[in-house]
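Student: Compute the structure for the input listed below.
(one chain, ligands or ions: 1)
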Amino acid sequence: MTNSISNLRISYETDGLRRRELAADPFSQFGLWLQQAIDSGGILESNAMTLATATEDGFPSARTVLLKEFNEAGFVFFTNYDSQKAHELAENPHAALLFHWGELHRQVRLVGTVAKVSVAESEAYFHSRPLGSQLGAWASRQSEVIANRDVLAAELARVTELYQGQTIPLPLHWGGYRLSPKTVEFWQGRPDRLHDRFRYSRQANNSWLIERLSP
Ligand SMILES: Cc1cc2nc3c(=O)[nH]c(=O)nc-3n(C[C@H](O)[C@H](O)[C@H](O)COP(=O)(O)O)c2cc1C
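Tutor: Okay, here's the model as predicted:
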């Protein structure tokens, strides 16, 4: 079993990514690729991304979160403001995001700085979620150790009763973060591991320098 994974490989026979076809800014290029990932129909959660954070003294951690919005201001996800990731972001706002759309032989890497979105933005998104998810946000103390699942069930029953027939308020411990990228790299798999890589780097005047990287 362990031997066989060393033989797992596929050849990326995909069409290349060409410099002349790249959008001038990474947000437009990302939008194009995300839409192609969604339209391909073969990717379960095209908006799932790995979020990597690190403590102040450099211990990294990574987990999957869902991209809920992006534009020139940055890339937004929602979570618990008392979670491990939130503690790490409070200590160290530098973070990375990674999308891997394996079926398209594509990867996008972003590095930047993260800040909380406004309460109004969190409020608007929170209330667009299904009621069960809104109650779940109240019931879970994300990343804390709990004795068993009954703890969650009891908390869910409590908040369900508490907010019966009311608009469920946005918990103070829940909301969005926005990563404003400083670099964004687009990777397209090619045959013989000679992939195409282009990195957009934000310049002082907010324009983007585009460079090809060796695979
Ligand atoms: C596909 C997928 C999507 C997820 N989306 C989110 C999300 O949008 N927000 C979130 O807080 N956790 C999300 N999670 C759970 C996180 O990966 C993680 O378990 C949780 O946020 C706690 O992380 P932390 O302890 O590092 O703070 C998702 C997990 C998966 C597998």
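Student: Which stretches in this structure count as strands?
Tutor: Remark: strands assigned in the chain by DSSP state E are 48-54, 60-66, 69-71, 74-80, 94-101, 106-116, 174-188, 196-202, 208-213.
Student: Now tell me what touches the fifth one from outside.
Tutor: In this case it means strand 94-101. Outside of strand 94-101, the residues within contact range by C-beta atoms under 8 Å, 6 or more residues apart in numbering are 33-34, 37, 40, 43, 46, 48-54, 67, 75, 89, 106-114, 179. For the C-beta atoms, the positions are set from N, CA and C on the backbone; glycine is no exception.
Student: partners of that strand in the sheet?
Tutor: When pairing is defined by DSSP bridges, strand 94-101 lines up against strand 48-54 (antiparallel), strand 106-116 (antiparallel).
Student: what do you get for the second one?
Tutor: Listed by DSSP bridges, the sheet partners of strand 60-66 and their directions read strand 48-54 (antiparallel).
Student: coming back round to it: in TSV: the strands paired with strand 94-101, plus mean neighbour count and distance to the ligand.
Tutor: Shown next, in TSV, are the strands paired with strand 94-101 (neighbours: other C-beta atoms under 10 Å; distance: least, C-beta to the nearest ligand atom, whole Å):
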stretch	mean neighbour count	distance to the ligand
strand 48-54	19	4
strand 106-116	19	13
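Student: which stretch among those strands comes nearest residue 60?
Tutor: strand 48-54 (4.6 Å; C-beta to C-beta).
Student: In contact with the residue most central in space within the chain, which residues?
Tutor: Nearest residue to the geometric centre of the chain (C-alpha atoms, centre = their mean): residue 49, 3.7 Å. Applying C-beta under 8 Å, 6+ apart to residue 49 gives the contacts 64, 65, 66, 67, 75, 77, 97, 98, 99.
Student: Specify the beta-bridge partners of the residue lying closest to residue 97 once chain neighbours are set aside.
Tutor: Excluding its sequence neighbours, the residue lying closest to residue 97 (C-beta to C-beta, 6 or more residues apart in numbering) is residue 110, at 4.4 Å. Beta-bridge pairing of residue 110 under DSSP bridges involves residue 97, residue 184.
Student: on that earlier part again, let's have the strands of the chain in CSV, adding mean pLDDT.
Tutor: Output for these, formatted as CSV (pLDDT from 0 to 100):
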stretch, mean pLDDT
strand 48-54, 98
strand 60-66, 98
strand 69-71, 98
strand 74-80, 98
strand 94-101, 98
strand 106-116, 98
strand 174-188, 98
strand 196-202, 98
strand 208-213, 98
